[in-house]
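> Build me a model from this:
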Amino acid sequence: MLTLPSFEAKITEADGRKWIFDSIRRKYVALTPEEWVRQHFVNYLVTVKGFPKELIANEVAIRLPQLSKRCDTVVYGKDLKPLAIVEYKASTVEITQAVWDQVLRYDMALHADYLIVSNGIRHICCQMDYVRQQCRFLPEIPCYEEILRSKRR
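As a prediction, this is how the structure comes out:
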């Protein structure tokens, strides 16, 4: 059971598989346990935390030294610079240091202000401080307007 608000997901079946509509990518994608978490979490960001849907991208390709990777979700600021990277795991997957290492590697390419990891049950958010080279774990995921206000300071 996820600790995210439920929503009316558009699910279909084809070729013996289930598919869920991703309103960000505007297409049906394979319904995996991780995708279930992603769709609920993006819905939460938009409907509860006020993140503009048009500034969210799923499956964002990035280049790391000698590697091509994909970030699960990137949220952009109004200036179109990466504001947050979100990494999802299935609800049965524990959030470990290895998961954090993964999102930190992605951040080497994007330098986002916030890093978020969720398995649909547990959600962890940290605010990056590149000047002091540290991150501060937050008690909850801030609203989009809160994030923008903190950037202006």
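> need the strands for the protein, in chain order.
Per DSSP state E, the chain carries strands over the ranges 11-14, 17-22, 27-30, 56-64, 67-76, 82-88, 114-118, 123-129, 134-138.
> List the buried residues in the second one.
For strand 17-22, the neighbour count (16 or more other CB atoms under 10 Å) marks 19, 20, 22 as buried. For glycine as for every other residue, the C-beta is placed from the backbone atoms N, C-alpha and C.
> CSV for those, including distance to residue 83 and pLDDT?
What follows is the buried residues of strand 17-22, written out as CSV (distance: CB to CB, whole Å; pLDDT from 0 to 100):
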residue, distance to residue 83, pLDDT
19, 29, 97
20, 25, 97
22, 20, 97
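> Excluding chain neighbours, what is closest to the residue most central in space within the chain?
For the chain, the residue sitting closest to the mean C-alpha position, by CA atoms, centre = their mean, is residue 86 at 2.4 Å. Using CB to CB, 6 or more residues apart in numbering and skipping the chain neighbours, the partner closest in space to residue 86 is residue 73 (4.0 Å).
> ok, back up a step: reformat the strands of the chain as TSV; add distance to residue 102.
Converted to TSV, the strands of the chain look like this (distance: least, CB to CB, whole Å):
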stretch	distance to residue 102
strand 11-14	28
strand 17-22	21
strand 27-30	20
strand 56-64	11
strand 67-76	9
strand 82-88	6
strand 114-118	9
strand 123-129	13
strand 134-138	15
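> which stretch among the ones you listed comes nearest residue 148?
strand 82-88 (8.5 Å; CB to CB).
> Buried residues, the helix or strand bottoming out on mean pLDDT in the chain. List them.
None of the helices or strands of the chain scores lower by mean pLDDT, DSSP states H and E than helix 144-152, at a mean of 83. Buried positions in helix 144-152, judged by neighbour count with 16+ other CB under 10 Å: 144, 147.
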